[in-house]
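Visitor: Here you go, sequence then predicted model.
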Amino acid sequence: MLAYIRKVADRKSDEGASAVEYGLLVAAIAAVIVLIVFALGSVISGAFKSTCDNIKNQGVASSSKDCNS
């Protein structure tokens, strides 16, 4: 019986530690994605705005309401 208790006591459970590590990894990846979206958001918005303005100025757009946002 004493040997069984020693065997159980000597077990090392890494399940909790690996779960925390995976959680931190997912949080870091999510933070990087958020930073990329905020960094590229203004660039992409500017590209769409300039494209819409070019279409509006050429008279191709049927309504100017589509470009005003």
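Guide: Thanks, I have the structure now. All values reported here derive from a predicted model rather than from experimental measurement. Numbering: from 1, shown residues only.
Visitor: drop to CA atoms for contacts and neighbour counts, all remaining ones
Guide: Fine.
Visitor: The longest helix anywhere in the chain - what's its average pLDDT?
Guide: In the chain, ranked by residue count with DSSP state H as the criterion, the top helix is helix 15-58. The predicted model assigns helix 15-58 a mean pLDDT of 87.
Visitor: helices or strands next to it in the packing?
Guide: Here helix 15-58 is seen to pack against no other helix or strand when contacts are counted using 3 or more C-alpha pairs under 8 Å, 6 or more residues apart in numbering; DSSP states H and E.
Visitor: How far off centre is it?
Guide: Per C-alpha atoms, centre = their mean, to the nearest Å, the displacement of helix 15-58 from the mean C-alpha position of its chain is 6 Å.
Visitor: For Ala19, the count of nearby residues, please.
Guide: Ala19 is flanked by 11 other residues according to other C-alpha atoms under 10 Å.
Visitor: just Asp53 next, same as before
Guide: With other C-alpha under 10 Å as criterion, Asp53 counts 15.
Visitor: And for the one 5 residues further on?
Guide: Using other C-alpha under 10 Å as the criterion, Gln58 is surrounded by 9 other residues.
Visitor: So it versus Gly23, what's the distance?
Guide: Using C-alpha to C-alpha, to the nearest Å, one obtains 51 Å as the distance from Gln58 to Gly23.
Visitor: Also Lys56?
Guide: For Lys56, the distance to Gly23 under the criterion C-alpha to C-alpha works out to 48 Å.
Visitor: more crowded one of the two?
Guide: Per other C-alpha under 10 Å, whichever of Lys56 and Gly23 has more neighbours is Lys56, with 17 against 12.
Visitor: Please write out the alpha-carbon positions of stretch 49-62 in CSV.
Guide: In CSV, the C-alpha atoms belonging to stretch 49-62 read as follows (Å, rounded to 0.1, in the frame of the first residue of the first chain):
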residue,chain,number,x,y,z
LYS,A,49,-12.3,55.4,-50.4
SER,A,50,-9.9,56.5,-53.1
THR,A,51,-11.4,53.9,-55.5
CYS,A,52,-14.9,55.0,-54.7
ASP,A,53,-13.9,58.7,-55.2
ASN,A,54,-12.3,57.9,-58.6
ILE,A,55,-15.5,56.1,-59.7
LYS,A,56,-17.7,59.0,-58.5
ASN,A,57,-15.5,61.6,-60.2
GLN,A,58,-15.6,59.7,-63.5
GLY,A,59,-19.4,59.7,-63.5
VAL,A,60,-19.7,55.9,-63.5
ALA,A,61,-21.4,55.7,-60.1
SER,A,62,-25.2,56.0,-60.3
